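Undergrad: One predicted model, sequence on top.
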Amino acid sequence: MTGFKRRLKVGFEGIELAFDKAFTPAWNPFYFLGALGYFFYWIVAVTGIYLYIFMDTDVGGAYQSIEHITHVQWYAGGVMRSLHRYASDALVVVMMLHLLREFALDRYRGARWFSWFTGVPIIWFVFASGISGYWLVWDRLAQYIALVTTEWFDVLDIFGEPIARNFLNEAALSGRFFTLMVFIHIFVPLFLLFVMWIHLQRMSRAKINPPRGLALGTLASLLVLSFLYPALSQGPADLNTVPTVVGLDWFYLAAYPLTDMVPGLWIWAGFALVTVLLVWMPWLPPQRRAGAAVVNLDHCNGCARCVADCPFNAITMTPRSDGKPFAQEAKVEARLCVACGICVGACPPSTPFRRTQGLATGIDLPEFSLRALRDATHAAAEGLTGPGRVLVFGCQQGPDLDVLRDGGVGVVRLPCTAMLAPSFIDYIISRDLAEGVMLVGCREGDCHDRQGIDWMEARIAGERDPHLRRRVPRERLARSWAGLVPADKPRTDLGALRARLTELGPYLLSPPPERPREPALDPVAGHD
Amino acid sequence: MTRLLSVLGQVVAYGLFMALLGAFSATPSYTYMEADQALIKLSFSHAAKRVGVCRSLTQEEIAAQPPNMRHSEDCPRERLPLLVELELDGEIATRRLLPPAGLHQDGASAVYQRFPVAAGRHRIVARLRDSARSEGFDHERAMEIDLVPGQNFVIDFRAESGGFIFK
């Protein structure tokens, strides 16, 4: 991660930390920027339908009808109009924050290119929707927008005659162009919704609705704003005069004053450059793409846990192809896989207790296999001394863990903490590789790999397979969902765990009841 | 206490959110044109004459055409460019050669140009050449106008109405 991007990420995490305290991670708006975008879209859609019912869509009557809606029907139509505007503005705010945040958190490369790529047209469709909406009010601002927009398009010289001539003076004004704008303002948002749907196609369990509390709070604040500061028109359009001073909606029209300072073709060039750059970003250096997970049919029993846990819809179940007595087998779509390893943590044979030669599992990462993880665990545990020996497992997106290493603390890095099957925790404590285990990862509610923290917590709580065995003493396990800010959280949490371990003393495992060992060559046996 | 602080934090966050939306949804204002100025727009769309003269077809040539597509003249498709000139208070504000539109250059030529000027009295002379002549203009109109602040004064051209229209 570049220095700039890391600083941006730290900045976001600093702000989000404050929001975590006020909203809790479950309601933190920064973790639901996309979902809030959807929420604002629906507010805009519902209020837009209401306004359309009462609006005169003819250029001669549009302004008066909107004035009527705003002032005579202020308690309903006026509020609807204000909600329509403010939700549209809020949509731009969350969209731009979403864009910047996904960039800062490096969530746009590799298999995640698709969401980034399909997000780019969303930006322009949102702007086209909003700007065409302002046009329909047909007030002084609409007149300004009509003039500047058509003059800007005319520099392309692609129309038979300048379209700005439609707004030359009152005599030239025709309802046909206005009708076209009504059409655009309805169909561009519909198409926008379609692209928003495509945008989510490679996500499993995409968050398209914010939590109810956050949604209600946001809606309430928009309503309060609508009553306190209702959206108003800026006087009727009059093409015989020039709109000398206009109140701009800077969320949508911030680039408009540029047309007075920079030649229109330069603005088009800038627009094209920004678009190309945005579209290209997932493939710009430095390129990093870890190898996709690989299914090992010798160890796959078709349980579909990997499918259930994959946050990117990269795994599907297909009919069995190897003749084994199972109906299905897992299949990885390599182009969708981000190599987070969450599937490895979900796979029943992913247990370090197994004695099969080479330690293999049903689905594994080629660049950091289960065996490599067990070897790394042993290596990190080797030589740990003193009371309160701890093994720390941390994800690659989380804080720097090397600073935690000392004679009693070993560190293992994983692509995502949820790659660690719960049986590893049992293994470490029961085999006395360490007296305690600490898991370190992204901030709670905002896992880089979307659901790693949720799945890990659910596995530890026994709510999701594979469970952490009941015999594992929970007081010897700590989680530090820290992110990068505050930087000292992992150290603080580690200190607390080690103090607790010192107090608890060495772990003495009661002998397990006698039971047959797992057959060494049974390739599809589960654990626990 | 923690709960109270949390609620307070949310209220502050929502307040800032409202303030952000309210502050920039219609303000600050932007000055598109100074209040003491007026705008002159030169804009029209007009097809110049064709590049060559039409030739009358003979009866045989007409008879050789498909019955539903018969025409009596053979004209070149391309049109001449227009030459437009605007004189403002004795000075040439613009003088442009406007090419005809279309892949075959058979469409109308168009212009759209803005001239912000100080409000007050101005003398305007608009000239247009739409023929193959090499000197002078085919159409010309002059006018003294009093522009009020913020006025949008349009110079249009319609051949069917007799030439330049000042409005």
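TA: Happy to help now that I have it.

Undergrad: A:G386 should be in a strand, yeah?
TA: No: under DSSP: H, G, I helix; E, B strand; the rest coil, A:G386 falls outside any strand and is assigned coil.

Undergrad: what's around it, how many residues?
TA: By the criterion of other C-beta atoms under 10 Å in any protein chain shown, A:G386 has 12 neighbours. Heads up, the C-betas are built off the backbone N, CA and C, glycines and all.

Undergrad: just the one 3 residues further on next, same as before
TA: As a burial measure, the neighbour count of A:R389 was computed by other C-beta under 10 Å and equals 22.

Undergrad: Tell me who's in contact with it.
TA: Counting by C-beta atoms under 8 Å, 6 or more residues apart in numbering or on different chains, A:R389 touches A:381, A:408-410, A:434-436, A:501.

Undergrad: If we use 10 Å, what do you get?
TA: When the contact criterion is C-beta atoms under 10 Å, 6 or more residues apart in numbering or on different chains, the partners of A:R389 are A:381, A:383, A:407-410, A:428, A:432-436, A:498, A:501, A:506.

Undergrad: And for A:P473?
TA: Taking C-beta under 10 Å, 6+ apart as the contact definition, A:P473 lies against A:429-430, A:435-436, A:504, A:507, A:509.

Undergrad: of all these, which comes closest to A:T492?
TA: A:T492 has its nearest neighbour among those in A:G436, at 15.1 Å by C-beta to C-beta.

Undergrad: So which of the contacts of A:R389 are in helices?
TA: A:381, A:428, A:498, A:501 (DSSP state H).

Undergrad: Next up, phi/psi of residue 111, please.
TA: In the absence of a named chain, this looks at chain A. phi -70, psi -10 (degrees, to the nearest 10).

Undergrad: Sorry, I should have been clearer: chain B.
TA: As for B:V111, its main-chain torsions (degrees, to the nearest 10) stand at phi -140, psi 150.

Undergrad: sorry, back to before: in the ones in helices among the contacts of A:R389, which residue is surrounded by the most others?
TA: Note: the member of the ones in helices among the contacts of A:R389 with the most neighbours is A:I428, at 30 neighbours, neighbours being other C-beta under 10 Å.

Undergrad: I'd assumed B:S134 was in a helix, is it?
TA: No: according to three-state DSSP, B:S134 belongs to no helix; its state is coil.

Undergrad: Contacts only, for the closest residue to A:P282 other than its chain neighbours.
TA: Closest residue to A:P282 in three dimensions, ignoring its sequence neighbours and counting by C-beta to C-beta, 6 or more residues apart in numbering or on different chains: A:W113, at 3.6 Å. Taking C-beta under 10 Å, 6+ apart, we find A:W113 in contact with A:202, A:279, A:281-283, A:289, A:335.

Undergrad: Could you check how far A:W113 is from A:M281?
TA: Here A:W113 is placed at a distance of 9 Å from A:M281 (C-beta to C-beta, to the nearest Å).

Undergrad: how about the helices in the stretch 51-200 of chain A?
TA: In the stretch 51-200 of chain A, the segments counted as helices under DSSP state H, counting those that start in this stretch are A:62-67, A:79-104, A:113-136, A:140-154, A:175-199.

Undergrad: A:F39 against A:G217, yeah?
TA: No: taking C-beta atoms under 10 Å as the definition, A:F39 is not a contact partner of A:G217, at 11.2 Å.

Undergrad: which residues do those two both contact?
TA: A:P210.

Undergrad: Now for chain B: which helix has the highest residue count?
TA: Ranking each helix of chain B by length (DSSP H) puts helix B:2-24 first.

Undergrad: buried stuff in it?
TA: The neighbour-count check on helix B:2-24 (16 or more other C-beta atoms under 10 Å in any protein chain shown) flags B:9-10, B:13-14, B:17-18, B:21-22, B:24 as buried.

Undergrad: for stretch A:254-266, same thing?
TA: Those would be A:256, A:259, A:264, for stretch A:254-266 by 16+ other C-beta under 10 Å.

Undergrad: likewise stretch A:51-69?
TA: For stretch A:51-69, the neighbour count (16+ other C-beta under 10 Å) marks A:51, A:55, A:57, A:59, A:62-63, A:65-66, A:68-69 as buried.
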